[in-house]
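[1] sequence-free structure coming up:
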C-alpha cells in the first residue's frame, strides 16, 4: 500500500471502515491517469462499474496502441544507446591515436636534435600536425560549449518538469483529502440533525 494511501487512512476517525474504498479510489485514479495517457480523457467510474462493449473496445484499443507505441520507442532507444556506445568506442580510438601521434612527435624531436637538417624537416611536419590539432581542439571546444549549453537547457527543463509534477501531485493529494470530507447530501444531514 503506497504511503499516500496510508496517510489518507490516518486522517479518518475509523480508517478500517474505508480500507476498500480508499484502495478502489486509488485504483480508479491510476486507471484514469493511464487512460488519459492512452488518449481517452473521458474515462469515468461508469466505465469501471457499468462498462459497455463499445467503450471497452475503445479503451482497450487505446491501451494497446499505447503499449505498441511504447515498444517501438524502446526499440529506438536501444538502437540509439547502441550507436552512442559505438561512437564512444570510436572516440576512444581517435583519442588513443592522438596520444600516439603526440608521443611520436616528442620522440622524433629528441632523436633529431643532433641532426639539424632533418630537424628542420621534422619541425615543419610538426607544425602542420600542431595546426591540425589546434583546428581539432577549436572544433572540440565549440562542440563542448554547445553540448554544455544543451545539457544546461535539459537540466533546466527537467528541473522545471519535476517542480511542476510535484506541485500537481500535491494538488491532487489535497483534492483527494478534501473530497473525502465533502458532504454528498446536505439535505439528508439536516434531516438527521433535526
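    Right, received. Where do you want to start? Computed from a predicted model, the values in this text were never measured in an experiment.

[2] Below-threshold pLDDT in the chain: ranges please.
    1-15, 17-19, 112-115, 182-186, 189, 194 (pLDDT under 70).

[3] could you redo the last one with a cut-off of 80?
    Scanning the chain for pLDDT under 80 picks out the ranges 1-23, 109-119, 179-194.

[4] And the residue nearest the centre of it?
    The C-alpha lying nearest the average C-alpha coordinate of the chain belongs to residue 158 (CA atoms, centre = their mean; 7.8 Å).

[5] quick one: contacts for that one?
    If you count contacts by CB atoms under 8 Å, 6 or more residues apart in numbering, residue 158 has none. All C-beta atoms are positioned from the backbone trio N, CA, C, and that covers glycine.

[6] Would you mind identifying the next helix or strand past whatever helix or strand residue 156 lives in?
    Following DSSP states H and E, one finds residue 156 within helix 116-179. On the C-terminal side of helix 116-179, the closest following helix or strand by DSSP H and E is helix 186-193.

[7] What number of residues are in the vicinity of residue 47?
    Counted with other CB atoms under 10 Å, residues neighbouring residue 47 total 19.

[8] for the one 10 residues further on, same thing?
    Neighbouring residues of residue 57 were enumerated by other CB under 10 Å; the total is 11.

[9] ok, back up a step: quick check: the residue nearest to the centre of the chain vs residue 123, distance?
    Plainly put, residue 158 is 50 Å away from residue 123 if you go by CB to CB, to the nearest Å.

[10] now residue 160
    54 Å.

[11] Show me which of these two is the more surrounded one.
    Between residue 160 and residue 123, counting by other CB under 10 Å, residue 123 is the more crowded of the two (13 against 10).

[12] who's in contact with the more buried one?
    residue 109.

[13] cool, residue 102 as well?
    residue 133.

[14] Which helix or strand contains it?
    Residue 102 belongs to helix 53-112, assigned by DSSP H and E.

[15] swap in residue 51?
    Residue-wise, residue 51 maps onto no helix or strand under DSSP H and E.

[16] burial count for it?
    12.
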